[in-house]
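Engineer: Quick one, structure for this:
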Amino acid sequence: MTKKQSEKVEALALQIQTHRVDFDQAMETLTNEVKEANAMKNTLVQKFRNISKCMKKTKRVFNTLENQTNSLLNRINKSEISLSHVRTAFAFEQQMRIQSDQQINVAEEQLKDVENQLMFSQIENDDLKERNETLSERLDFVKEARVHEMSHTCQKFEEVTKLLGSQKFATDIRSVRETFEKVKDVVAPSDSDEGLCVVCKNEKSTTVVIPCGHQCLCAFCAQEIEKKCPYCQTPFTCMTKLFVV
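Structural biologist: Numbers count the residues shown, from 1 in each chain. Model prediction:
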């Protein structure tokens, strides 16, 4: 090896050693930085954990506050509804008071009118008493005349009642009705007898026979039927009159 080559080798060795020192220093610096980064990482992880715990606590507190807020809102709504009811009741009470005051005023005016009318009625009452005494005297004479007239009228009414209540009169009336019905059928025959009494064929049927339920008699013929329904010949217990509204 020549001298120049030896110098080059020594120079290279020196450079390598210099670079190695720099490399070692750089590695040491990098190692320290990595340690610092790991420490920062651990610190950040711990902070993130703390932040997560704080967020969970904050979430629980927020949920609690939200529940309390909802409960408070519900109470406020209930209070508003109650207040609305109270306002309505108060308005109704005020209206009733106004109406009561108006009615009291009207009643006072009516009372005054009644008092005035009472005063006039007392005056008129005195006049009426005098007139009543005069009329009483006249009425006594009129009563005697009317009593005699009414007794005579009662005698006539009793005679007419006996005549109307006799079986012969009822038979004559029924015969006249049957004759009238026959004449009516001849002069103006009807297409349908629906709703007419099945006995006389003239009056509307307004009476129902119980228990068969047939509405087949007028009020007059219902008084003459005694035992059986004239439509189905079923014995009946009673009759009921219908009233159409």
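Engineer: For this protein, which segments count as strands?
Structural biologist: 207-210, 215-217, 238-241 (DSSP state E).
Engineer: which residues make contact with the last one from outside it?
Structural biologist: By CB atoms under 8 Å, 6 or more residues apart in numbering, the surrounding residues in contact with strand 238-241 are 206-210, 217, 219, 222, 225. Any C-beta I mention is one placed from the backbone N, CA and C, and that applies to glycine too.
Engineer: deepest of the strands of the chain, which one?
Structural biologist: Comparing those by mean neighbour count (mean count of other CB atoms under 10 Å), strand 215-217 ranks first with a mean of 21.
Engineer: buried sites along stretch 58-67?
Structural biologist: Within stretch 58-67, no residue counts as buried by 16 or more other CB atoms under 10 Å.
Engineer: again with stretch 81-96
Structural biologist: Per 16+ other CB under 10 Å, stretch 81-96 contains no buried residues.
Engineer: pLDDT of it, averaged?
Structural biologist: Averaging pLDDT along stretch 81-96 gives 90.
Engineer: switch to numbering from 219
Structural biologist: Let's use 219 as the start, then, which means that last one is stretch 299-314.
Engineer: worst-scoring helix or strand of this protein, pLDDT-wise?
Structural biologist: Ranking every helix and strand in the chain by mean pLDDT, DSSP states H and E puts helix 385-405 at the bottom, with a mean of 64.
Engineer: so where is this structure shaky, pLDDT-wise?
Structural biologist: 219, 359-366, 375, 378-388, 390, 392, 394-412, 462-463 (pLDDT under 70).
Engineer: quick revisit: quick check: the farthest pair among the contacts of strand 456-459?
Structural biologist: Pairwise distances across the contacts of strand 456-459 peak at 15.8 Å for I428 and A437 (criterion: CB to CB).
Engineer: At which residues are the helices of this structure located?
Structural biologist: Secondary structure of the chain (DSSP state H): helices at 221-383, 385-405, 437-442.
Engineer: Any idea how many residues pack against T424?
Structural biologist: By other CB atoms under 10 Å, 17 other residues sit near T424.
Engineer: does it really touch A437, like I thought?
Structural biologist: Yes. Look at T424 against A437 with CB atoms under 8 Å: they come within range, at 5.9 Å.
Engineer: what would the strands of the chain look like in a markdown table with distance to G413?
Structural biologist: Listed next are these as a markdown table, based on distance: least, CB to CB, whole Å:
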| stretch | distance to G413 |
| --- | --- |
| strand 425-428 | 12 |
| strand 433-435 | 8 |
| strand 456-459 | 15 |
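Engineer: nearest to T282, of these?
Structural biologist: strand 456-459 (76.7 Å).
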